[in-house]
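> quick one, fold the following:
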Amino acid sequence: MKTPKQQRKQKVEPKNPKLNKPAPTVTEKPVAKIVEQPKISSGERIQKVLARGGIASRREIERWIGEGRIKVNGATVTQGVKLAIGDYLQINDRVVHWEKFAEQPTRVLLYHKATGEVVTRNDPENRPVIFKNLPQLETARWIAVGRLDINTSGLLLVTNNGELANRLMHPSTEVEREYAVRILGNVPDATLEKLKTGVALEDGIAKFDEIHFAGGEGANKWYNVIVSEGRNRLVRRLWESQTLLTVSRLIRVRYGPIVLPEGLRTSRFYELTDKELDLLFEYAGLAKEKHVAVKPESKGQQGRRR
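Numbers count the residues shown, from 1 in each chain. Predicted structure coming up:
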């Protein structure tokens, strides 16, 4: 016979037999591959990132999203989706390395393009390329605001802010471009009036907003002209649409509120100050940025400043 103490030590079995059943055997199955969905709670909106990188304007990128042309991590995105570190981005099924468009302080250079230089990154004919004369960027890339053909010199704006570049180039902004033009040939008053009224070119009607005589004697005359659109070689084509007129020299001296600085030599640049950047952002209708100190350039790059 067991004592009360021994009885207390005896193991108590549960009355419910179901609670005493052995745990079922778990059969391991392959883990299904999970497609990561686009993030919407962190990061930056796709259109903001791509516009900053100069891919297209925000409105254009929004249209691409609506057309289903953009994917993040394999999934077609909708409006409002944001990019976060590690996301895999595709446009028209082509991979875009968007990380290089990381947010950075805006920089704008006023570059004095020389005749003979080309506004491209790589030239198969090995002609001088303007981008080789610019300081290197740790992230993103320089974006030219418009172009100047090989035979045109003068002011060229270059920036690392794609949204600013798009705003300054978009036809709806109607940014004024002013050129100094040397014309070979006599220009009657009737011809000047016609150029201000409108001329039919192969890509539509075009005109000068203003024409001002700037001097010259003999066969060559200088004029300052203003246009509000950036069609390819527009100024040259307008003048040469008129009989016996030839453009012997063409220089862009102003783009919007920015004037080519006096004394800035060809193939050299001047960088806008914080105050000048604020004025340019205001002109373009963009919110001003908080200014951050830019990393000093190398000695060779500093030598290209005015």
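> what sits up against stretch 275-290?
Residues outside stretch 275-290 that contact it (CB atoms under 8 Å, 6 or more residues apart in numbering) are 105-106, 108, 163-164, 167-168, 173, 256-258, 272, 291. C-betas here are computed from N, CA, C, even on glycine.
> quick check on these: which are buried?
The neighbour count (16 or more other CB atoms under 10 Å) marks T106, V108, E163, L164, R167, L168, T173, G256, I258, L272 as buried among the contacts of stretch 275-290.
> picking that back up, show only the entries of the contacts of stretch 275-290 found in strands.
Among these, DSSP state E puts V108, I258 in strands.
> just put the contacts of stretch 275-290 in JSON lines and tack on pLDDT.
Formatted as JSON lines, the contacts of stretch 275-290 follow (pLDDT from 0 to 100):
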{"residue": "P105", "pLDDT": "86"}
{"residue": "T106", "pLDDT": "91"}
{"residue": "V108", "pLDDT": "97"}
{"residue": "E163", "pLDDT": "86"}
{"residue": "L164", "pLDDT": "92"}
{"residue": "R167", "pLDDT": "90"}
{"residue": "L168", "pLDDT": "94"}
{"residue": "T173", "pLDDT": "88"}
{"residue": "G256", "pLDDT": "96"}
{"residue": "P257", "pLDDT": "96"}
{"residue": "I258", "pLDDT": "97"}
{"residue": "L272", "pLDDT": "96"}
{"residue": "H291", "pLDDT": "72"}
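> the contacts of stretch 275-290 in helices, which ones?
Judged by DSSP state H, the subset of the contacts of stretch 275-290 located in helices is E163, L164, R167, L168.
> now the closest residue in space to the third one that isn't next to it in sequence: how far from E62?
Okay, so that is R167. Nearest residue to R167, sequence neighbours excluded (CB to CB, 6 or more residues apart in numbering): A284, at 4.4 Å. Applying CB to CB, to the nearest Å, the value for A284 to E62 is 19 Å.
> next one: L50
Applying CB to CB to L50 and E62 gives a distance of 10 Å.
> more neighbours, the two?
Neighbours were counted for L50 and for E62 using other CB atoms under 10 Å; L50 has more, 26 against 17.
> quick one: contacts for that one?
L50 touches A56, I61, V96, W98, F101, G162, counting by CB under 8 Å, 6+ apart.
> of those residues, select the buried ones using a PyMOL command.
The buried residues among the contacts of L50 can be selected in PyMOL (16+ other CB under 10 Å) with this line:
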select buried, resi 56+61+96+98+101+162
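> from the contacts of L50, which ones fall inside helices?
Within these, membership in helices is found for I61, G162, as judged by DSSP H.
> where does pLDDT dip in the stretch 101-250 of the chain?
Within the stretch 101-250 of the chain, the stretches with pLDDT under 70 are 102.
> for it, which segments count as strands?
Residue ranges of the strands in the stretch 101-250 of the chain, as given by DSSP state E, counting those that start in this stretch, are 108-113, 143-145, 153-159, 177-184, 199-201, 204-206, 210-215, 220-227, 246-255.
> with respect to R236, which of those strands lies nearest?
Among the strands of the stretch 101-250 of the chain, strand 246-255 comes nearest to R236, with 5.0 Å by CB to CB.
> next, the residue nearest to R167: phi, psi?
Note on A284: backbone dihedrals following degrees, to the nearest 10 are phi -80, psi 0.
> roughly how far does it sit from H212?
Distance from A284 to H212, by CB to CB: 26 Å.
> cool, K82 as well?
With CB to CB as the criterion, K82 and H212 are 50 Å apart.
> of those two, who's got more company?
Using other CB under 10 Å as the criterion, K82 and H212 rank with K82 on top: 18 against 12.
> so who does R127 touch?
G116, E117, V118, I150.
> what's the most distant pair in the residues you listed?
Farthest apart among the contacts of R127 by CB to CB are G116 and V118. That separation is 8.2 Å.
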